[in-house]
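Participant: Pasted the sequence and its predicted model underneath.
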Amino acid sequence: MAENEAPGERNENIRVVVRGRPLSTGELEAGYESIVHFDSVQQTVALKDPHSGAVKSFTFDHVFGPDSTQPDIFNEVARPIIDNVLEGYNGTIFAYGQTGSGKTHTMEGGSGKAELRGIIPNSFAHIFGQIAKAEAHQKFLVRVSYFEIYMEQIRDLLSKKTDREKVLVTGLEVKEDKEKGVYVKGLTEQVVHSADDLDKIMALGKKNRVTGATKMNAHSSRSHAIFSVTIERSERISDGRLHICVGKLNLVDLAGSERQSKSEAVDDRLKEAAKINHGLSNLGNVIAALTDGKSTHVPYRNSKLTRILQDSLGGNSKTVMCANLGPANYNHEETMNTLRYATRAKWIKNAAKINEDPKDAVLKRLEEEIQALRRQLNGSGDTGRNSEEEEEDAEDAKRRMALQKERKERRDARARELSQMQAEIAAQRRELEQNERMGEQQRAKLRQDIADKEGKLDVAEKERQGLLEKLNRLEKTIIVGGENLLDKAEEQERMLEESAKELELRRKKEQELRKTLLSKKTERTKMEEKFATLQEIAAAKKLEESRLKAELNSLKTDLKGLRQDNATRREEAKGSKKDIEKNIQLYKMIIDRYLPREMQALIEANCSYNHDIGEWEVSCLAFTGAMMQPDYSGQNRPAAPGGGPRKPLSYEEALAQAEQHKLDRPPDPNWEGLFRSYADELGS
């Protein structure tokens, strides 16, 4: 552990993997060629410039070529993250790349065949597969949410249609809390009990997600989608306390960056592309600020996407980025940008820690409610703290035994009371049947007494049944470790396990190949060192010169690409600046129309920016609006026309009076003077 790491905290870089897809049917028919070479042994990607022929290589944590399978991607990319989430860490997996590069296929995959399922559905099977293997004393609660960021608005994909329409104009809000971190307010969360439940929820959310056709992709995602799985795990530790860990898994499918000249987007598609590129540009700015070593401010708040991914980039999370590439030569510039983007992301450091015993743990609250229901069913009548908490606070074993004895006495007393009532009913029935001399009035009274007692027993039984139903419902919400919860996903988990074993064998073979290559390189180096003659030295120098020239050409190509990238970002920044300036002019025109210059200056003098919440605050707000009244201390309050107390002015009357005060400047104290006096007092 590093010296500056807290216990349970791990400082580590974001893992970056690259996946390339094969040429599509359309690209093959158009005659395009592949310019990307993937080396899964050396973990490198080589990109060839179609114009100059220069080759640029990039190294990543793992590289997957066009022949890679979905189980391979899951086992290498997602499995370690999910295992950490089950331990209580936060985890994020997100796919990045240009439109049509295969991001959604990587994250969601195809329906039907098990081997075509992507990271998200395979994660479902693995989560419940691990829960099924857990110890019986461990309990789990799994909750999910699914939302998209469309046109810089957050839309809940699991809410009802009427609820979605209510927030369609403004979208949901992003909030921040010391305990919860960054979260979306009002987001729907659903409790799930199996991988099948998760599949159904994902299918429901996909129906509500925005997609559209462009020239580059017939089913292009027009929004960034985030599927979140929160896993709470509880168990009793050696000292008897309840220990809870909460891990959150964010599975992010980013919309692809695109150029209008290639996608031929128009109207709504063009507006969507502008917002998508704006969000991805801000994501690039955040990555740049986190990796350049000079920035003192990271612009997380510049977009909804970066705000939500704040913990995933430089925060409390274990993060994997999967960069998806299109191999065709006409996408050279976009592929180069993706590789540079991914290379910068490798240097981001996160500080992940286990989320232990959070105050807002739902699992703890559910267990307390279950214990309270059990006490009610046992007749203790105590719905306060549960027995475990009472026993934890007990100072010794004698106190715990006294508490248990007291609860047993209450249960026994309640049972005796019900038994006695049943016995009385039986005795009264026998008396009613056997005593023929009993008068009719006495018989009616006895029947009424029996009916009352039976009614009380029925009420008690209904209450008991209601408590049992509620208890069963809550107990089903909590998943006990060791139970078989895979259902149809059991086969999927078995396939993933087999794939993981195959991947491990392949990894060992790759390590052996690396050793062999290293050995051959060493031998080659020794042979080259044996050059003795001047002719051999001259030939070596010539080879070195050729290598340096090739490296120089590669650097020139990189420089050209960086300049083009900077020019594109500069144009985007100019467009954003133009929009902001138009909005500023609009707001200024509205303010100048309805607010005097003097009051504008006064408000500006009493404004301050609160960096904690990212908003402006105005002093003396308590003395504005309806609270602003003239100071009549020492004077008689003027009466309203026609006598009687003066009534409050309407909005139109107050506005007219303010305009008149502005023109007449009366010597008497007015609302403006009163506002200034309060401001002066505040300043002093």
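Facilitator: Received it, and whenever you're ready, just let me know what you need. Numbers count the residues shown, from 1 in each chain.

Participant: biggest helix in this structure by residues?
Facilitator: helix 534-594 (DSSP state H).

Participant: what pLDDT, on average, does it get?
Facilitator: Mean pLDDT, computed over helix 534-594, is 84.

Participant: tell me the pLDDT at S228?
Facilitator: 93.

Participant: Now it: which helix or strand?
Facilitator: Here S228, judged by DSSP states H and E, is contained in strand 224-236.

Participant: so who does D592 touch?
Facilitator: Q600 (CB atoms under 8 Å, 6 or more residues apart in numbering). C-beta here means a position set from N, CA and C on the backbone, and glycine is covered the same way.

Participant: how about the strands in the stretch 151-300 of the chain?
Facilitator: 153-156, 174-177, 181-184, 190-192, 211-212, 220-221, 224-236, 242-253 (DSSP state E, counting those that start in this stretch).

Participant: May I see the ones you listed organised as JSON lines, with mean neighbour count added?
Facilitator: Listed next are the strands of the stretch 151-300 of the chain as JSON lines, based on neighbours: other CB atoms under 10 Å:
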{"stretch": "strand 153-156", "mean neighbour count": "20"}
{"stretch": "strand 174-177", "mean neighbour count": "14"}
{"stretch": "strand 181-184", "mean neighbour count": "18"}
{"stretch": "strand 190-192", "mean neighbour count": "18"}
{"stretch": "strand 211-212", "mean neighbour count": "15"}
{"stretch": "strand 220-221", "mean neighbour count": "24"}
{"stretch": "strand 224-236", "mean neighbour count": "22"}
{"stretch": "strand 242-253", "mean neighbour count": "23"}
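
Participant: Could you identify which of the ones you listed has the lowest mean pLDDT?
Facilitator: When I compare the strands of the stretch 151-300 of the chain, strand 211-212 is least confident, with a mean of 60.

Participant: picking that back up, any chance of a markdown table for the strands of the stretch 151-300 of the chain, columns distance to I613?
Facilitator: Supplementary listing: the strands of the stretch 151-300 of the chain in a markdown table, determined by distance: least, CB to CB, whole Å:
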| stretch | distance to I613 |
| --- | --- |
| strand 153-156 | 18 |
| strand 174-177 | 8 |
| strand 181-184 | 13 |
| strand 190-192 | 30 |
| strand 211-212 | 35 |
| strand 220-221 | 32 |
| strand 224-236 | 23 |
| strand 242-253 | 23 |
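
Participant: Let me know which of those strands is the nearest to Q441.
Facilitator: Of all the strands of the stretch 151-300 of the chain, strand 190-192 sits nearest to Q441, with 58.3 Å by CB to CB.

Participant: List the backbone torsions phi and psi for S101.
Facilitator: S101 adopts backbone torsions of phi -90, psi -10, taken as degrees, to the nearest 10.

Participant: where's the closest residue to it other than its chain neighbours, which helix or strand?
Facilitator: Distance criterion CB to CB, 6 or more residues apart in numbering; nearest residue to S101, sequence neighbours excluded, is N324 at 4.0 Å. Assigned by DSSP H and E, N324 belongs to strand 318-325.

Participant: and that strand, what does it pack onto?
Facilitator: Using 3 or more CB pairs under 8 Å, 6 or more residues apart in numbering; DSSP states H and E, the elements in contact with strand 318-325 are strand 15-20, helix 79-87, strand 91-96, helix 103-107, helix 332-345, strand 349-353.

Participant: List the strands paired with the third one, with their directions.
Facilitator: By that I understand strand 91-96. Strand pairing for strand 91-96, using DSSP bridges, gives strand 242-253 (parallel), strand 318-325 (parallel).

Participant: how about TSV for those, with distance to A288 added?
Facilitator: Formatted as TSV, the strands paired with strand 91-96 follow (distance: least, CB to CB, whole Å):
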stretch	distance to A288
strand 242-253	19
strand 318-325	15
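
Participant: for these, which one sits closest to V45?
Facilitator: The nearest among the strands paired with strand 91-96, by CB to CB, is strand 318-325 at 7.4 Å.

Participant: got the angle between that closest one and helix 332-345?
Facilitator: Strand 318-325 and helix 332-345 are oriented at 170 degrees to each other (axes from the mean of the first three to the mean of the last three CA atoms, to 10 degrees).

Participant: same question for strand 318-325, mean pLDDT?
Facilitator: Mean predicted lDDT for strand 318-325 stands at 94.

Participant: And stretch 365-383, by the same measure?
Facilitator: pLDDT averaged over stretch 365-383 gives 61.

Participant: and what of stretch 602-620?
Facilitator: 76.

Participant: follow-up on the earlier one: wait, which of the strands paired with strand 91-96 is closest to V63?
Facilitator: With distances scored as CB to CB, the stretch of the strands paired with strand 91-96 nearest to V63 is strand 318-325 (9.9 Å).

Participant: what's the angle from that closest one to strand 15-20?
Facilitator: 20 degrees.

Participant: so strand 318-325 versus helix 79-87, what angle?
Facilitator: Using the same axes, to 10 degrees: strand 318-325 against helix 79-87 is 150 degrees.

Participant: Give me the angle between strand 318-325 and strand 349-353.
Facilitator: Using the same axes, to 10 degrees: strand 318-325 against strand 349-353 is 140 degrees.

Participant: Give the buried residues for strand 318-325.
Facilitator: For strand 318-325, burial by neighbour count (16 or more other CB atoms under 10 Å) applies to K318, T319, V320, M321, C322, A323, N324, L325.

Participant: Not including adjacent chain positions, what is the nearest residue to the last one?
Facilitator: For L325, ignoring the flanking residues on the chain, the nearest one in space by CB to CB, 6+ apart is G20 at 4.6 Å.

Participant: So that neighbour is in contact with F60, correct?
Facilitator: No: G20 is beyond contact range of F60, at 11.6 Å (criterion: CB atoms under 8 Å).

Participant: Please identify every residue contacting each of these two.
Facilitator: V45.
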